[in-house]
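Visitor: Give the three-dimensional model of this entry:
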Amino acid sequence: MSALHDEILIWVKLKGFATAEALANQLCLPKDRVDMVLAALVESGQAKQVPLGIKLRPNGSEAALHAWDAERARTNQVIMAGVVKDFAALDRVMQPLLSDWKMKKTPDGPVRNLHQDHAYDDALVERALALSADARRMVESLATQVPRCAAYARRLTRAEQKVACGNLRYISSSLLDSIETVWWELRQDMLVLAKPDRLVCA
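Guide: Numbering: from 1, shown residues only. Have a look, this model is predicted:
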């Protein structure tokens with residue numbers, strides 16, 4: 001199998017489902033190349049077409065885990081341990097920040113953030129952008145070991161630019177390639193790369 005085949009297996013596993021358009025944009029590849037790989041996955045029985053795109057079958061999920069194993073075997077474990085430690089520190093800050101973006105603490109308990117308190121939102125946006133930038137720098141080290149992961153830096157940069165231009169849906173919308181969407185995939189990716197027995201729920 002080609003390196004691109006294995007990459008796309010992993011990305012579809014992480015996402016749960018994927019379209020050729022989204023993967024081509026993420027990987028900076030011509031859509032027809034991605035279409036060919038996805039078609040081959042379906043033809044081989046490793047994936048199936050669903051309303052939202054392509055989803056892996058059980059044997060495709062198993063193949064994705066084998067592809068992760070191959071990536072892990074090529075890494076320097078000392079470097080990877082440092083990268084995992086750095087990301088864990090960022091993640092401990094980002095997770096509660098994303099919760100605060102959605103739910104605002106009040107004396108009566110948390111309530112849905114209606115984004116009417118601009119000072120509150122502005123402070124969270126500033127922190128989210130700073131954490132995203134820190135994660136991009138961490139990804140530079142990760143990509144020396146797992147080149148596929150360089151895509152995370154590009155995606156975070158695009159999401160940051162959208163937020164900086166005022167489109168705050170790119171903080172946490174699950175329907176967009178938002179900071180939270182990219183962060184979740186990166187987090188799952190790191191877990192599997194660091195712990196062979198840790199499976200993603202996709």
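Visitor: And the helices in this structure?
Guide: All helices of the chain, identified by DSSP state H, fall at 3-15, 20-27, 31-44, 58-73, 77-102, 118-145, 150-164, 169-172, 179-194.
Visitor: ok, the residue nearest the centre of the chain - contacts?
Guide: Nearest to the centroid of the C-alpha atoms of the chain, with distances taken as Cα atoms, centre = their mean, sits E185, at 2.6 Å. Residues near E185 by Cβ atoms under 8 Å, 6 or more residues apart in numbering: 14-15, 152. The C-beta positions use only the backbone N, C-alpha and C, and glycine is treated the same way.
Visitor: L90: which of the residues you listed is nearest?
Guide: Using Cβ to Cβ, Y152 comes nearest to L90 of the contacts of E185, at 12.4 Å.
Visitor: didn't the closest one look like it was pressed against V182?
Guide: Yes: with contacts counted by Cβ atoms under 8 Å, Y152 reaches V182, the gap being 6.1 Å.
Visitor: Buried ones in stretch 93-102, by neighbour count?
Guide: By neighbour count, with 16 or more other Cβ atoms under 10 Å as the criterion, the buried positions of stretch 93-102 are 94, 97-98, 100-101.
Visitor: Kind regards, and thank you for your time.
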